[in-house]
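Enquirer: Sequence first, predicted model second:
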Amino acid sequence: MKLSRLLFGLFALGVATLFGVTSLGYPDAAARMPLIYAVVVGLFAIAMIVQELTAHSRARAQASSSAAPTLEGSQLAEGELTEGDSAPAPPAPPARPLKAMAVFVFAAVYIYSISWLGYVVATAVFMGLSLWLVRHVSLRFSLIGIAGLITVVCLVFIGFLGLPVPLLPPLF
């Protein structure tokens, strides 16, 4: 069982629950979208938790049911593994806990900075720094993704729901 996936699923379920409960205090029109997101994230989190638990129980059952085969009268060829031997495991990919921690710190600063930088600037800086840190996406697609995300969120929360979101810093 991958403990990190299980903990991430529990964390996501907690965040979804917090968002769902918080959105109940919003006006009806404003509560729809956050509640939908909370339900979707909660369902994905539950699916991740169930997947990890079933994979763990399946692996335990398979390990307990598969007994080592006996070699009745046959001899091992040179280089074959014996009962107590195991094949060398492939090297695990390097962990990137510092990058993940940095993105969480960026997210905390991002949430705080929206009130004094405005949504557009804070989101562009947060997404740019996070995508640069991860470096799995090219600069062109990063810029397209950032522009698309900002546009869609502005359309949904300002255009559709009519929420007063500070788009730019108070100076503007």
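Expert: Sure, I can see it. Numbering: from 1, shown residues only.

Enquirer: From residue 44, how far off is residue 56?
Expert: 19 Å (CB to CB, to the nearest Å). Heads up, the C-betas are built off the backbone N, CA and C, glycines and all.

Enquirer: just residue 127 next, same as before
Expert: Distance from residue 127 to residue 44, by CB to CB: 21 Å.

Enquirer: who has more neighbours, the two?
Expert: residue 127 (19 against 14; other CB atoms under 10 Å).

Enquirer: helix, strand or coil for residue 48?
Expert: helix (DSSP: H, G, I helix; E, B strand; the rest coil).

Enquirer: Leaving out the residues flanking it, which one is nearest to it?
Expert: residue 9 (3.8 Å; CB to CB, 6 or more residues apart in numbering).

Enquirer: could you list every residue that touches the one you found?
Expert: Residue 9 is in contact with 45-46, 48-49, 52, counting by CB atoms under 8 Å, 6 or more residues apart in numbering.

Enquirer: can you redo those residues as JSON lines with distance to residue 115 and neighbour count?
Expert: Output for the contacts of residue 9, formatted as JSON lines (distance: CB to CB, whole Å; neighbours: other CB atoms under 10 Å):
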{"residue": "45", "distance to residue 115": "28", "neighbour count": "20"}
{"residue": "46", "distance to residue 115": "33", "neighbour count": "14"}
{"residue": "48", "distance to residue 115": "32", "neighbour count": "17"}
{"residue": "49", "distance to residue 115": "34", "neighbour count": "18"}
{"residue": "52", "distance to residue 115": "37", "neighbour count": "19"}
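
Enquirer: Thank you kindly, that will do.
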